[in-house]
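Student: Prediction below, plus the sequence it came from.
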There are 4 protein chains.
Amino acid sequence: MNKKPWNVGLIGCGFMGRAHSNAYRKVGNFFDLPLQPVLKAACARTRSDVTAFANNWGYESVETDWRRMIDRKDIDAIDICTPNDTHREIALAAAAAGKAILCEKPLARTAAEGADMIAAVERAKVPNIVWYNYRRVPAVTLAKQLIDAGKLGRIFHYRAVFLQDWTISSELPQGGTGLWRLDKNVAGSGVTGDLLAHCIDTAMWLNGGIDSVTAMTETFVKERKHNLTGKVEAVGIDDACAFLARFGNGSLGTFESTRYARGHKALYTFEINGEHASIRWDLHDLHRLEYFDHRDDSLTRGWRSIHVTDREMPYMSHWWVPGLQIGYEHSFVHQVADFLEALGQGKEAAPTFRQAQLTQEVCEAVLKSAASKQWVDVAGE
Amino acid sequence: MNKKPWNVGLIGCGFMGRAHSNAYRKVGNFFDLPLQPVLKAACARTRSDVTAFANNWGYESVETDWRRMIDRKDIDAIDICTPNDTHREIALAAAAAGKAILCEKPLARTAAEGADMIAAVERAKVPNIVWYNYRRVPAVTLAKQLIDAGKLGRIFHYRAVFLQDWTISSELPQGGTGLWRLDKNVAGSGVTGDLLAHCIDTAMWLNGGIDSVTAMTETFVKERKHNLTGKVEAVGIDDACAFLARFGNGSLGTFESTRYARGHKALYTFEINGEHASIRWDLHDLHRLEYFDHRDDSLTRGWRSIHVTDREMPYMSHWWVPGLQIGYEHSFVHQVADFLEALGQGKEAAPTFRQAQLTQEVCEAVLKSAASKQWVDVAGE
Amino acid sequence: MNKKPWNVGLIGCGFMGRAHSNAYRKVGNFFDLPLQPVLKAACARTRSDVTAFANNWGYESVETDWRRMIDRKDIDAIDICTPNDTHREIALAAAAAGKAILCEKPLARTAAEGADMIAAVERAKVPNIVWYNYRRVPAVTLAKQLIDAGKLGRIFHYRAVFLQDWTISSELPQGGTGLWRLDKNVAGSGVTGDLLAHCIDTAMWLNGGIDSVTAMTETFVKERKHNLTGKVEAVGIDDACAFLARFGNGSLGTFESTRYARGHKALYTFEINGEHASIRWDLHDLHRLEYFDHRDDSLTRGWRSIHVTDREMPYMSHWWVPGLQIGYEHSFVHQVADFLEALGQGKEAAPTFRQAQLTQEVCEAVLKSAASKQWVDVAGE
Amino acid sequence: MNKKPWNVGLIGCGFMGRAHSNAYRKVGNFFDLPLQPVLKAACARTRSDVTAFANNWGYESVETDWRRMIDRKDIDAIDICTPNDTHREIALAAAAAGKAILCEKPLARTAAEGADMIAAVERAKVPNIVWYNYRRVPAVTLAKQLIDAGKLGRIFHYRAVFLQDWTISSELPQGGTGLWRLDKNVAGSGVTGDLLAHCIDTAMWLNGGIDSVTAMTETFVKERKHNLTGKVEAVGIDDACAFLARFGNGSLGTFESTRYARGHKALYTFEINGEHASIRWDLHDLHRLEYFDHRDDSLTRGWRSIHVTDREMPYMSHWWVPGLQIGYEHSFVHQVADFLEALGQGKEAAPTFRQAQLTQEVCEAVLKSAASKQWVDVAGE
């Protein structure tokens, strides 16, 4: 651990704060990197909360005002783990202060906010990345490698869903800690920005840009008690969203997300059908990739369930031995590893803010289509 | 086999002619019915073909002109297994002759043709049914029973796909025997009428009517040699079709079908998510139904894979013993059994022409939406 | 259906009588054979039962004494579907009368009975076969083809189980119709002869002879009411049996069967591990074969789930189209097809009585080992 | 991180050294424990190796002689991660020095060595545990809870396999770093002590003691080059081992392990069948538990695939959110958490040396049975 230290200031100590902290602590044990993350400071509004968090994870110091943290000279990078409505403001300040920025997804509530953030980081020339962590689940990275190697040939279809069931009860309130994702003002949108953003990011990474969409959204529970006001208020977010898409490469896409699919906790699945081969993946069994290759001998052709644990597999030589699976948290470790590796070489690691903005633009087109009931072209850059 | 005979005249001796003939021959061995099907006559244009077919299946006689068969007094029922462009004309004649009619799906090429057929059978008061056979796969019937029993509660989502991969090669011609499904004039449409029609029929049977849709279609291979003309001609059918739907009960639907999904032969799957429980089914393992019930104890809650072979299961007391699966062909046997049971009681068996017309109307709205790039309301009755 | 008739006399009108009758009725519709089975006569002790059965299946006549049926000159083949304690006697008489014999498995209660039966059919030179139907499930036949083609290389392991759960209740009686399998005198043994016999037959077909075994058996419910005496009597059969085996080719085998495996109805599975590749099969999804080939590219290597429905697959060109599965009953159709094809060519179809006797000898060694708590060598011939 | 420190001295810096180090570093971030592990010293024979290891994991110091480490006063606990032939000697010295001991499994090469170790730790009254980590995979712990809650009723069957395929090549040498598991002198046995030990530990934890066994072993590759001598030498270990067992509760067990099962990397599976319910688990999908409950309604009864990620599930409230899986390494974290929790309360955590000795005794009976070809009773205590 005698690597050059890289001092992280984390803003937001919720679920994502934990996932990122774990990644920073762990990455150096498994990857040989040019920089060693140091948990320099954690920031949250409530001192007792942030102190407990920092104590638990080994942060050296705490802040309760994110502006103060950004002002600190001993911080190299700002990690934004706060709700979506704060991303833009924090990122602009952090960029101005010359910090590297690691921002939770979605980049922002709107494409306009995202555009401001891109401008800021590019003007300041600071390293930046968005935590679309599922790209770095080994099975997903393997899918990318197979596609890039041309195994699938011409692509005809892409389909993805992200299904959850945690908001079915109408007794569940909206807003406040743990429930800000149901608050339109804070989250920007419902499943579109929260879950479909993941699907869209992966889809465009694997299959290229999306040209146009037609969408529908629904809010099944129209009113919920708001935790901040204590009053029953209209629910502004989309509980469910589905859309059809045309990709730039001529293939067709279908996408759906909901928090009302009983029996599914985080069932993010995608499938891609090519001329020669097809691929499927499922977050509930994230260590497997399914692959069908039509060029196999006709008597033994079938969907292959690849247990992505061999050392040849992406990232897996850093972990255990074949057959022993890793889990969700490791995708964050991989993102830190790739980011620091790139940083050491003076390169970018994907997805940058600019790359993540493509997802913002598709989300915006989706929501616009749902509102207008028209096909909507995705904004170019 | 001393039941009252019920004389069948089969028109069309292709794949469906085989499936239906098998059902007629077999049903009496496994179901105690008021009527016993008799394979009275088979009809196809080429004498040698129909003779071989009749010989193979035990038909007592052959015809090469379907009008002659309809004229025969010794025929009780006409089974229409011919390509879609002939359904209307045959059905009108058969109805006029007072025959019961069993028509392959889809009912017709267009809703207008379907409307004529409904008028004909209702005027003639002849028993009529359409072969949407998947309703009578035991696992699908079980799904219907669970939904009707209220196990799912309020429904939020319905999703279905029907994926095949047999037309990916651009070398495959269109038209003629075995390939008329690629010929727009004969088939009426591509996957919409062929495959999505199944998905739509099941969906509305399980989840009620569809109000409106937005769709996209694609023809990936634009030109194919036409078997009848010998020339390369434009392909008129939809190779793929996806649509979003709003059901009358407020739930959302997503549907997709294609013949370009490498690795899938006949992957018809549906899933329905309700407030309390969810259901999934897959034609590639048609003897299983997956079921998730949120009311199960939280420590043992999970998707149940129900092996639909116990005697309590729909239709299964007629077959073997628990654990021993039946297959595709049995769905046709069940349809004949139900039709004859109803006939013996002077009742209708579903889906009648009128009921199957609902699917025609959704298909029509889907194709209209794809052409217009607009949401389209499904025609009422 | 103008093939040369082949007149079948069926003895025993229970579950297997149905399965065989269905096969005889159906085989000519799907296979082009030199002979056409004719359901000439059915035989059972109770006239009303056999009459109803014959009526249902279209048998031309009935007998209530199997000796009378064997005496009939218009019968070409005797199908023995009666309980195990009658196999020997019927087979000896049928052979003496020059009939072809199709005998339900197991061949007999004991190897000694089996030896008498072999002597009889070989002396009389009558065609003979035992209904080890699972060999002719297409996925199992495919396994055989892959092994014979050398895909697996040297074999290291074979493992099979046959798990059921229908006798767990101690309230279930033993003996009489439907329950003779629990009556030692009639069945000869419990799961060993009933279920493990299937596993052993397949195992030796796929992997060659078994040299020696060590076994354990258990009778979990020690006493049950006997249906024939009305009294509670000791249960003589093995409720469960497991054994270890050494194959002649040096590979190791593990086998287990029980009727006390809650949740399994007819879970017959086998797996075979070779130097280069492995194979798995499961009766609960009998239309699939799982295959792993180590020679696949290391990045896409995985267990393949082969949906055994393509036309290239064994027997499948006779049925429907790719993706549409067949079921349990079709294995019997295939056996009749192969038997008649062989008969037309003056050849044997496997397994003959002599081939099926190998399974008797293993069963005998297994039961002897369980009783003696010693390793037992399997008797040679 | 201001808990009372607990200073660990780790001996052996191979695969298990990594797994344990990760657990010590991580446990405090996810569990609120009375003690905080401190990575005080790592020990291995080669200074450069141990220095690199210590540097990577943050150990404060290094030793190259384990006796020196045991002599250190600043060490509270000794973690034995060395090959099996050193366990006894190290454990005896560590106990004599009053250290807590965490010993990798198997406890020792032989039951005799294990007995010495038990005597030492019990005489010294030092806390002790063996790393049978699979007990603490949440799905396995859940299985234990369900069994203890009586969900299964009377148990009839237990079956387990542990299948690997990494030693099939005869080119693979034996002995030395990474390959000591093939060296009989070092490992004590082959798959029996390495893999079946896990199966036996879990089995007895879930289903109670084993009374007697009959076993067979095989060494498929008889000679391999020895890395330490450079010569081709006889292979002394068992490449494969299978055994039948009778449990004290009257249930039957079947066990098998091999390193010659092509296609399986670490396929440890177990199944337990009870009167009312059954359970299955599979290390290749370790985050799932399959459960069948016969008391479910007969129309919806089926094997449930429980995604063991909800907060109610064992250990899972410490990790992420429902649907997001953990992996192999977490089982070690849980073991440290339970051990420290118990230590804080002055209690034992299972399995102690004495409890793990039960597995040694079964292994010994298994190997003795394989050698003698007799049933062997498991030694009592």
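Tutor: Received the coordinates, thanks. Numbers count the residues shown, from 1 in each chain, chains lettered A, B, ... in the order given.

Student: Contact residues of chain A facing chain C?
Tutor: Near chain C, the residues belonging to chain A are A:142, A:145-146, A:151, A:288-291, A:293, A:296, A:298-307, A:310, A:312-313 when assessed by C-beta under 8 Å from any C-beta of the partner chain. (C-beta placed from N, C-alpha, C; glycine too.)

Student: again, only this time at 6 Å
Tutor: A:291, A:298, A:300, A:302-306, A:312 (C-beta under 6 Å from any C-beta of the partner chain).

Student: State the pair within the residues you listed that is farthest apart.
Tutor: Using C-beta to C-beta, the two most remote members of the residues of chain A next to chain C are A:Ser298 and A:Glu312, lying 27.0 Å apart.

Student: rewinding a little: which of the residues of chain A next to chain C ranks first by neighbour count?
Tutor: Greatest neighbour count in the residues of chain A next to chain C, by other C-beta atoms under 10 Å in any protein chain shown, goes to A:Tyr291: 27 neighbours.

Student: Now that residue: closest residue in space that isn't a chain neighbour?
Tutor: A:Arg304 (4.8 Å; C-beta to C-beta, 6 or more residues apart in numbering or on different chains).

Student: Just give me the neighbour total for A:Tyr260.
Tutor: By the criterion of other C-beta under 10 Å, A:Tyr260 has 26 neighbours.

Student: excluding its backbone neighbours, what's nearest it?
Tutor: Once flanking residues are discounted, A:Tyr260 sits nearest to B:Phe156: 4.0 Å by C-beta to C-beta, 6+ apart.

Student: again with A:Ala96
Tutor: Closest to A:Ala96 by C-beta to C-beta, 6+ apart is A:Ala124, at 6.4 Å.

Student: In this structure that neighbour contacts A:Ala95, no?
Tutor: Yes. Judged on C-beta atoms under 6 Å, A:Ala124 makes contact with A:Ala95 at a distance of 4.1 Å.

Student: So which residues of chain A form helices?
Tutor: Using DSSP state H, the helices of chain A run over A:15-30, A:47-57, A:66-71, A:87-96, A:111-124, A:138-148, A:184-187, A:191, A:197-207, A:330-344, A:353-372.

Student: just these: most buried one?
Tutor: Ranked by mean neighbour count, the helices of chain A are led by helix A:191 with a mean of 27 (mean count of other C-beta atoms under 10 Å in any protein chain shown).

Student: pLDDT averaged over it - what is it?
Tutor: Per-residue pLDDT values over helix A:191 give a mean of 97.

Student: tell me which parts of chain A are close to chain B?
Tutor: Counting by C-beta under 6 Å from any C-beta, the residues of chain A close to chain B are A:156-157, A:214, A:216, A:218, A:240, A:242, A:244, A:252, A:254, A:256, A:260-263, A:273, A:278, A:292, A:294, A:373, A:375.

Student: try 8 Å this time
Tutor: A:152, A:156-157, A:159, A:161, A:163, A:165, A:168, A:214-216, A:218, A:220, A:240, A:242-244, A:246, A:250, A:252, A:254, A:256, A:258, A:260-264, A:273-278, A:292, A:294, A:303, A:373-375.

Student: Show me which of those residues are buried.
Tutor: Among the residues of chain A next to chain B, those classed as buried by neighbour count (16 or more other C-beta atoms under 10 Å in any protein chain shown) are A:152, A:156-157, A:159, A:161, A:163, A:165, A:168, A:214-216, A:218, A:220, A:240, A:242-244, A:246, A:252, A:254, A:256, A:258, A:260-264, A:273-275, A:277-278, A:292, A:294, A:303, A:375.

Student: Just list the residues touching the residue nearest to A:Tyr291, thanks.
Tutor: Applying C-beta atoms under 8 Å, 6 or more residues apart in numbering or on different chains to A:Arg304 gives the contacts A:290-293, C:296, C:300-305.

Student: can you put those residues in JSON lines and add pLDDT and distance to C:Pro34?
Tutor: What follows is those, written out as JSON lines (pLDDT from 0 to 100; distance: C-beta to C-beta, whole Å):
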{"residue": "A:Glu290", "pLDDT": "98", "distance to C:Pro34": "44"}
{"residue": "A:Tyr291", "pLDDT": "98", "distance to C:Pro34": "44"}
{"residue": "A:Phe292", "pLDDT": "98", "distance to C:Pro34": "40"}
{"residue": "A:Asp293", "pLDDT": "98", "distance to C:Pro34": "41"}
{"residue": "C:Asp296", "pLDDT": "97", "distance to C:Pro34": "42"}
{"residue": "C:Thr300", "pLDDT": "97", "distance to C:Pro34": "45"}
{"residue": "C:Arg301", "pLDDT": "97", "distance to C:Pro34": "45"}
{"residue": "C:Gly302", "pLDDT": "98", "distance to C:Pro34": "44"}
{"residue": "C:Trp303", "pLDDT": "98", "distance to C:Pro34": "40"}
{"residue": "C:Arg304", "pLDDT": "98", "distance to C:Pro34": "37"}
{"residue": "C:Ser305", "pLDDT": "98", "distance to C:Pro34": "37"}
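
Student: For the closest residue to chain B within the stretch 101-250 of chain A, list the residues it contacts.
Tutor: Closest to chain B within the stretch 101-250 of chain A is A:Phe156: 4.0 Å, counting by C-beta to the nearest C-beta. The contact partners of A:Phe156, taken as C-beta under 8 Å, 6+ apart, are A:251-252, A:273-275, B:168, B:220, B:240, B:258, B:260-262.

Student: Assess the claim that A:His226 and A:Asp183 are in contact.
Tutor: Yes. The criterion here is C-beta atoms under 8 Å, and A:His226 meets it with A:Asp183 at 7.4 Å.

Student: Neighbour count for the two, which is higher?
Tutor: When neighbours are counted by other C-beta under 10 Å, A:Asp183 comes out ahead of the other of A:His226 and A:Asp183, with 25 against 19.

Student: How about the contacts made by the closest residue to the more buried one other than its chain neighbours?
Tutor: Excluding the flanking residues, the one nearest A:Asp183 by C-beta to C-beta, 6+ apart is A:Gly175, at 4.2 Å. By C-beta under 8 Å, 6+ apart, A:Gly175 lies in contact with A:182-183, A:186, A:226-229.

Student: from the residues you listed, which is closest to A:Glu113?
Tutor: Of all those, the one with the least separation from A:Glu113 (C-beta to C-beta) is A:Val186, at 12.8 Å.

Student: can you pull up the bridge partners for A:Ala42?
Tutor: Counting by DSSP bridges, A:Ala42 forms beta bridges with A:Leu10, A:Val62.

Student: Please apply the same query to A:Tyr291.
Tutor: Where A:Tyr291 sits in a bridge, its partners, by DSSP bridges, are A:Ile279, A:Arg304.

Student: Ok, A:Arg159 next?
Tutor: Judged by DSSP bridges, the bridge partners of A:Arg159 are A:Thr254, A:Glu271.

Student: For it, which residues are in contact?
Tutor: Applying C-beta under 8 Å, 6+ apart to A:Arg159 gives the contacts A:253-255, A:270-271, B:161, B:256.

Student: Please repeat the previous calculation with a cut-off of 10 Å.
Tutor: Shown in contact with A:Arg159 (C-beta atoms under 10 Å, 6 or more residues apart in numbering or on different chains): A:199, A:203, A:245, A:252-256, A:269-273, A:280, B:159, B:161, B:163, B:242, B:254, B:256, B:258, B:261.

Student: How about A:Leu343?
Tutor: Here A:Leu343 is in contact with A:6, A:33-35, A:76-77, A:100, A:127, A:129, A:349 (criterion: C-beta under 10 Å, 6+ apart).

Student: same thing with A:Cys241?
Tutor: Contact analysis of A:Cys241 by C-beta under 10 Å, 6+ apart lists A:162, A:189-193, A:195-196, A:215-218, A:255-258, A:363, A:366-367, A:369-370, B:252.

Student: just A:Leu182 next, same as before
Tutor: By C-beta under 10 Å, 6+ apart, the contact set of A:Leu182 is A:167, A:172-176, A:190, A:194, A:221, A:224, A:226-227, A:235-237, A:239, A:259.

Student: now swap in A:Asp377 and tell me
Tutor: A:210-213, A:246, A:365, A:368-369.

Student: can we see that at 7 Å?
Tutor: The contact partners of A:Asp377, taken as C-beta atoms under 7 Å, 6 or more residues apart in numbering or on different chains, are A:211-212, A:365.
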